[in-house]
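Asker: All I have is the shape, not the residue letters:
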């Protein structure tokens with residue numbers, strides 16, 4: 001089986017410490033080499049009588065397990081102090097990094113970091129991460145991802161007492177740099193005796209899955225587990241290795257599936273660090289050693305309308321209202337065919353004729369139309385990071401932060417920043433502001449600031465069935481999609497012990513949120 005080790009640095013006061021136990025026998029050590037080439041040392045032994053533990057740490061179960069041969073309880077521990085890694089010559093890394101001439105190439109090289117500061121004169125802006133931290137201002141370092149798998153959805157909603165979720169978690173997010181290795185633990189409750197595991201990850205991502213399949217065998221790489229008894233939960237360990245970036249930028253952030261043959265699916269939202277924040281129009285950051293700007297290497301971006309853009313055969317136009325960089329900031333809609341931002345445009349919104357338009361042709365023709373999308377842009381909106389002007393409906397406009405919708409304008413976009421509209425008796429002396437000829441729609445999300453005291457429930461304990469609706473215990477909230485709201489809930493639970501059976505206790509409280517039309521909300 002698989003047994004995680006206790007890290008001695010995590011031992012709390014009054015918590016069991018195997019290093020000073022007088023009842024451990026058959027002591028031994030074990031050494032392994034991890035993915036980074038570091039030597040790890042583990043100590044183990046069998047505790048004859050596992051003592052009472054004063055700690056409430058639920059992780060205590062991870063480093064000991066009962067031994068069926070009555071040798072005692074197996075205990076395993078390790079120390080970070082005894083972790084020995086091969087020496088990394090920063091000089092050699094820095095030399096290799098210095099050969100990278102662009103931030104994009106630098107970001108895809110393990111151990112390298114880029115400095116985009118326009119205020120520093122540098123022969124090479126790519127160096128080792130350690131060297132980059134010394135010489136580059138913090139706000140100008142192109143920071144790579146530094147995270148572990150994030151659980152987005154732990155379990156699916158249980159609609160009845162029999163519809164128990166078998167797979168945990170259900171959805172995760174991975175943010176990876178080239179060369180990164182990340183591990184994800186997941187469990188599966190078997191009802192059928194076996195299952196096979198498949199995935200649709202691309203070739204540049206190496207995935208290996210390890211498990212003992214619920215038995216006493218050592219962890220091995222598997223693609224199937226069989227012969228599992230009904231009701232047994234098996235733990236799996238997935239190892240992800242990002243080997244390179246995909247050629248198409250549209251694949252740098254994408255969702256994939258790890259599928260079990262019974263139909264259960266683990267959704268994997270994968271983000272790959274393949275470009276830099278200075279690879280945008282709206283920045284003064286330097287992304288190349290030769291100091292060429294965004295417009296130098298993507299000259300099509302200078303054009304402001306679809307018709308002007310398509311008069312150059314090397315350019316294409318994106319009319320999709322959702323067109324943006326990975327961080328949500330706006331991009332020029334006219335781009336060179338071979339520039340990476342072209343691939344970020346949704347296929348239905350990309351206007352790219354096989355030849356350049358003539359002087360008598362424009363984007364209003366049926367063959368090459370931007371109709372139904374965005375047909376022109378103002379570069380100042382890009383510099384202002386104004387995504388409002390790309391929203392084509394009132395509903396979409398209200399979802400964006402700081403936007404307001406005008407049903408009838410003087411020719412300006414109907415959706416724009418609140419600061420771009422003339423309000424009340426304000427004088428029209430700013431050419432960048434517009435007058436709305438009807439009532440302006442703004443963010444109307446509200447949360448009551450009144451303190452509401454919920455009614456108490458009866459003494460009845462509801463087991464394996466929903467709580468009855470208590471209509472008086474309701475808070476009215478108008479929420480905006482994509483916006484975070486902070487709510488404070490104070491629970492004062494009083495239990496009448498005369499209504500409890502012997503040894504019965506509460507072990508959890510679950511908060512559910514539902515909208516009036518019965519659609520589930522995130523919680």
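Answerer: Yep, it's here. Computed from a predicted structure; not experimentally measured.
Asker: Can you report phi and psi for residue 298?
Answerer: phi -140, psi 70 (degrees, to the nearest 10).
Asker: so how many other residues sit close to it?
Answerer: Using other CB atoms under 10 Å, the number of residues around residue 298 comes to 23. Backbone N, C-alpha and C define where each C-beta goes, glycine included.
Asker: Wait, residue 250 touches residue 344, no?
Answerer: Yes - using CB atoms under 8 Å, residue 250 is in contact with residue 344, at 6.0 Å.
Asker: Can you pick out the residue with more neighbours from those two?
Answerer: Comparing residue 250 with residue 344 by other CB under 10 Å, the one with more neighbours is residue 344, at 22 against 14.
Asker: Now do that one against residue 252, distance only.
Answerer: When distance is defined by CB to CB, to the nearest Å, residue 344 is 9 Å away from residue 252.
Asker: What about the closest residue to residue 399 other than its chain neighbours, how many residues nearby?
Answerer: Leaving aside its sequence neighbours, residue 399 sits nearest to residue 481 (CB to CB, 6 or more residues apart in numbering; 4.8 Å). Neighbours of residue 481 under the rule other CB under 10 Å: 10.
Asker: Work out for me the element residue 481 sits within.
Answerer: Using DSSP states H and E, residue 481 sits within no helix or strand.
Asker: Would you check how far apart it and residue 169 are?
Answerer: Taking CB to CB, one finds residue 481 at 24 Å from residue 169.
Asker: Select the helix or strand of this protein having the lowest average pLDDT value.
Answerer: Ranked by mean pLDDT, DSSP states H and E, the weakest helix or strand in the chain is strand 64-66, scoring a mean of 50.
Asker: Skip ahead from that one and say which helix or strand is next.
Answerer: Next in sequence after strand 64-66, counting helices and strands by DSSP H and E, comes strand 73-78.
Asker: strands paired with that following strand, and their directions?
Answerer: Counting by DSSP bridges, the strands paired with strand 73-78 are strand 6-7 (parallel), strand 39-47 (antiparallel), strand 64-66 (antiparallel).
Asker: quick one: buried residues of the longest one?
Answerer: Going back to what we said before, that points to strand 39-47. With burial defined by 16 or more other CB atoms under 10 Å, the residues of strand 39-47 counted as buried are 40, 42-47.
Asker: Reformat those residues as a markdown table; add pLDDT and distance to residue 219.
Answerer: As requested, the buried residues of strand 39-47 are exported to a markdown table (pLDDT from 0 to 100; distance: CB to CB, whole Å):
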| residue | pLDDT | distance to residue 219 |
| --- | --- | --- |
| 40 | 86 | 15 |
| 42 | 87 | 14 |
| 43 | 87 | 20 |
| 44 | 86 | 16 |
| 45 | 86 | 21 |
| 46 | 85 | 21 |
| 47 | 81 | 23 |
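Asker: farthest-separated two in those residues?
Answerer: Largest separation among these by CB to CB: 40 and 47, giving 22.0 Å.
Asker: Okay, now the unreliable bits of the stretch 401-523 of the chain?
Answerer: Regions of the stretch 401-523 of the chain meeting the criterion pLDDT under 70 cover residues 448-475, 482-483, 491-523.
Asker: Mind doing that once more with 90?
Answerer: 401-402, 409-412, 422-439, 442-523 (pLDDT under 90).
Asker: distance of residue 326 from residue 81?
Answerer: Residue 326 is 39 Å from residue 81, by CB to CB.
Asker: go on, residue 237?
Answerer: Remark: distance between residue 237 and residue 81 (CB to CB) = 25 Å.
Asker: Which residue lies nearest the spatial centre of the protein?
Answerer: With distances taken as CA atoms, centre = their mean, the residue of the chain nearest its centroid is residue 173 (4.3 Å).
Asker: what's the pLDDT at that one?
Answerer: Residue 173 is assigned 96 on the pLDDT scale.
Asker: Quick check, residue 177 in contact with residue 242.
Answerer: Yes - under the criterion of CB under 8 Å, residue 177 makes contact with residue 242 at 6.9 Å.
Asker: Could you name every residue contacting both of those two?
Answerer: residue 272 (CB atoms under 8 Å, 6 or more residues apart in numbering).
Asker: Any chance of the strands paired with strand 73-78 in TSV with distance to residue 135 as columns?
Answerer: Converted to TSV, the strands paired with strand 73-78 look like this (distance: least, CB to CB, whole Å):
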stretch	distance to residue 135
strand 6-7	34
strand 39-47	32
strand 64-66	48
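Asker: Looking at the ones you listed, which is nearest to residue 290?
Answerer: Closest approach to residue 290 among the strands paired with strand 73-78 (CB to CB): strand 39-47, 43.1 Å.
Asker: hang on, residue 443 packs against residue 397?
Answerer: No - when contacts are counted by CB under 8 Å, residue 443 is not listed as touching residue 397 (9.8 Å).
Asker: quick one: common contacting residues for these two?
Answerer: With CB under 8 Å, 6+ apart as the test, residue 443 and residue 397 both reach 403-404.
Asker: Look at those two and report which has more neighbours.
Answerer: residue 397 (24 against 17).
Asker: element containing the more buried one?
Answerer: Following DSSP H and E, one finds residue 397 within helix 394-399.
Asker: Downstream of that helix, the next helix or strand is which one?
Answerer: Helix 394-399 is succeeded, C-terminally, by strand 403-405 (DSSP H and E).
Asker: looking just at contacts, which helices and strands does that following strand meet?
Answerer: helix 394-399, strand 415-417 (3 or more CB pairs under 8 Å, 6 or more residues apart in numbering; DSSP states H and E).
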